[in-house]
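Peer 1: sharing a model prediction with you, sequence too.
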Amino acid sequence: MNSVGIDVSKGKSLIAVMRPFGEVVVSPREVRHTDSELSELAKLLKSLDGETRVVMESTGNYHAPVAWLLHDAGLYVSVVNAMLVHDYGNNSLRRAKTDRKDAVKLANYGLDHWPTLPRYVPEEDTRLMLKNCYRQYQQYSKVQTMLKNNLISLLDTAFPDANRLFASPPRADGSEKWVDFVAAFWHAECVCELSEKAFTTRYQKWCRKHGYNFSEDKALDIYASACGHFGVMPKTETAHLLVEQAVSQLHATSAALAALKQEMQKLASTLPEYPVVMRMFGVGPALGPQLMAEIGDVRRFHSKKALVAFAGIDAPPYQSGTVNVRSCSISKRGSSSLRRTLFLVMGIILQNSPADEPVYQFMDKKRSEGKPYKVYMMASANKFLRVYYASVKGYLDSLERD
């Protein structure tokens, strides 16, 4: 048997091929991530005598082209978690680290774990695109929060409390009323320098132009709020430019988020488990696609426990001698994005408190036992994932039988 260790980096990889008892079949050599060099590598590995298995670490997006091409060539490829390989074979006091040594280490790891090496299966195109959309959605969400805080900070010196004038939810295109308002009335003096009647007329025209509902009482409240505050920042062209640019950046980011959200919903609706997931309490058009994006095909997990461990909300036992710790923290060795989504789902369940919902009943039981907030929230997320696994896997299996 031939164990191929591939130490993947950006744009290139180092490979080493080993056989049992330390026999070197192919000395460590560099391969660039081009179609020609990877195709030559595939031909070389397929020409070796005996069964060949390729082992590489999961390294973000770097390993994807190598794993995909070798799998497509018909080779047995295994992509393992880097944490499993990190401490393997480190039985030396002198811990040198080079790409050559890492490639050999991966090859030896493959030999020692030959029967249990998991086979790499490329994700379906829809699931892959859904996951990438969600990752971009997360990044833009962080940027949006930063830009909102920046705009509010500017308004605190130009138009204090302008962000609290409206409570309207964001529109489908991502626009918000208070952001559109400060784009037109960017300084408190933009309101105060007008008479009450003149501002009411101008506000009515603004509402009609942007498609918002007009209320005369609201116009009077805005006028009173603007006249009741004063801006530290003077009303100058520079101040206008600062607010204008902050609003422009926020508009662009919010529009991108709205577009990604719609695309995620569109992609998720084509997946077979979509109707089952969307029927689960606490899951809506935003969180449903996020769950499906992070979990992927639930059939890739051999059990409910494997899915819980993937989310990093399992509590591994700790026992040594007479010490037996019964209350352990969650491992957090899993998808942080999935944990975040689960926490949001649990928050919705807690807020609505559906008495006939099993997850809420479990949550309420743990809360009544005096468990801390994060403990009963994560314990409920654990139960939710088990229900998710059973429901979705059962539905997918029934589709296959039909």
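Peer 2: That came in fine, so what should we check first? Numbering: from 1, shown residues only.
Peer 1: quick one: name whatever helix or strand follows the helix or strand that contains residue 288.
Peer 2: Assigned by DSSP states H and E, residue 288 falls within helix 287-295. Under the assignment DSSP H and E, the closest C-terminal helix or strand after helix 287-295 is helix 304-311.
Peer 1: in that following helix, what's buried?
Peer 2: Applying a neighbour-count criterion of 16 or more other C-beta atoms under 10 Å, one finds 304, 307, 308, 309, 310, 311 buried in helix 304-311. C-beta: built from backbone N, CA, C; applies to glycine.
Peer 1: can you give me the mean pLDDT across that helix?
Peer 2: Throughout helix 304-311, pLDDT has a mean value of 90.
Peer 1: with just CA atoms, put it into CSV.
Peer 2: Output in CSV follows, covering the C-alpha atoms of helix 304-311 (Å, rounded to 0.1, in the frame of the first residue of the first chain):
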residue,chain,number,x,y,z
LYS,A,304,-26.4,12.6,16.0
LYS,A,305,-23.3,12.8,18.3
ALA,A,306,-21.1,13.4,15.3
LEU,A,307,-23.2,16.4,14.2
VAL,A,308,-23.2,17.8,17.8
ALA,A,309,-19.4,17.4,17.9
PHE,A,310,-19.1,19.1,14.5
ALA,A,311,-20.9,22.1,16.0
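Peer 1: got a list of contacts for that helix?
Peer 2: Residues external to helix 304-311 that are found in contact with it (C-beta atoms under 8 Å, 6 or more residues apart in numbering): 295, 298, 301, 314, 331, 333-335, 338-339, 342, 381-382, 385-386, 388-390.
Peer 1: what are the buried residues along stretch 67-80?
Peer 2: Within stretch 67-80, the residues that qualify as buried are 67, 69, 70, 71, 75, 76, 77, 78, 79, 80, counting by 16+ other C-beta under 10 Å.
Peer 1: if you could redo that for stretch 181-191, that was the one I meant.
Peer 2: Taking 16+ other C-beta under 10 Å as the basis for neighbour counts, the residues of stretch 181-191 that come out buried are 181, 182, 183, 185, 186, 187, 188, 189, 190, 191.
Peer 1: got it, and stretch 358-371?
Peer 2: Along stretch 358-371, these residues count as buried under the neighbour rule (16+ other C-beta under 10 Å): 359, 360, 362, 363, 364, 366, 367, 371.
Peer 1: tell me the mean pLDDT over it?
Peer 2: If you average the pLDDT over stretch 358-371, you get 92.
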